[in-house]
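# Pasted the sequence and its predicted model underneath.
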Amino acid sequence: PPSRNRPVRRAGPCRPSARLAAMAPDAPTTERVIAPADVECWLAGLDLVPQARTERDGLVAWDLEMDGRRRFDLRITLILDPALGLICWAHLAPPLGDGLRKAYRQLLTWNDDFPFAKFAIAEDGRPILAVEIAGRHLGEDELGLALARIAGIADRLLEATAGWLWIGGRVPAGYRERTG
């Protein structure tokens, strides 16, 4: 049976959007605008099913939940600006408490340690991990690579973020026995 990470695969390839980007003085005329349907098709091709879709002010966002090899139930939001690109935004942990300065320093260190990924603290205090894909590079393979990068980094940082995820940093019973 299909899981949240592996639904039934769609039949046939994705058809890219035929819309071209608005003309700008420094923009190539062959660059196309990425449509929300493109992203949904790529997600289906990656065997991922979004939990929710939201549209506002010309932007479209999808919420996903993914498992890595070691880190499970990783919440990821994809935000598409059709003319600009896509941001993959992962919630690394719940809002941070009083240890904010130490956590912030750790996030800055990880910004240096992990190329092509950005660590920050969201407005609500949650540490986040983001991967951006420029529209000219956006496709199923790049989306898959960005999501794999997020899951891989979250897996690698499991021990370092355990204190943020669980009381006392103790991994819950049965968590390590799960498979991604």
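Nice, I can see it.

# helix or strand right after the helix or strand encompassing Asp112?
Using DSSP states H and E, Asp112 sits within helix 100-113. As assigned by DSSP H and E, the chain's next helix or strand after helix 100-113 is strand 118-121.

# Show me which positions of that following strand end up buried.
The neighbour-count check on strand 118-121 (16 or more other Cβ atoms under 10 Å) flags 119, 121 as buried. In short, each C-beta sits where N, CA and C put it, glycine included.

# residue ranges for the helices of this structure, please.
Ranges of helices within the chain are 36-45, 100-113, 140-156, 158-165, based on DSSP state H.

# what's the least confident stretch among the ones you listed?
Of all the helices of the chain, the minimum mean pLDDT falls on helix 100-113 (a mean of 87).

# what's the weakest-modelled helix or strand in the protein?
For the chain, counting by mean pLDDT, DSSP states H and E, helix 100-113 ranks last in confidence among helices and strands (a mean of 87).

# What are the buried residues along the helix holding Asp112?
103, 106-107, 110.

# could these go into JSON lines alongside distance to Gly58?
Putting the buried residues of helix 100-113 into JSON lines (distance: Cβ to Cβ, whole Å) gives the following:
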{"residue": "Ala103", "distance to Gly58": "33"}
{"residue": "Gln106", "distance to Gly58": "35"}
{"residue": "Leu107", "distance to Gly58": "30"}
{"residue": "Trp110", "distance to Gly58": "31"}
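
# pLDDT weak spots in this structure?
Scanning the chain for pLDDT under 70 picks out 1-13, 15-32, 98-99, 179-180.

# can you do 90?
1-34, 82-84, 91-105, 115-116, 121-126, 135-136, 163-164, 166-180 (pLDDT under 90).

# Would you mind measuring from Phe114 to Leu147?
Distance, Phe114 to Leu147, by Cβ to Cβ, to the nearest Å: 15 Å.

# quick one: which of those two has more around it?
Between Phe114 and Leu147, counted using other Cβ atoms under 10 Å, Leu147 has the larger neighbour count: 22 against 17.

# ok, that one touching Ile76?
Yes: in this structure, Leu147 is within contact of Ile76 by Cβ atoms under 8 Å, at 6.8 Å.

# Determine the residues that are contacts of both of the two.
Common contact partners of Leu147 and Ile76 (Cβ atoms under 8 Å, 6 or more residues apart in numbering): 64, 66, 88.

# Between these, which sits nearest Leu158?
Met66 (14.1 Å; Cβ to Cβ).
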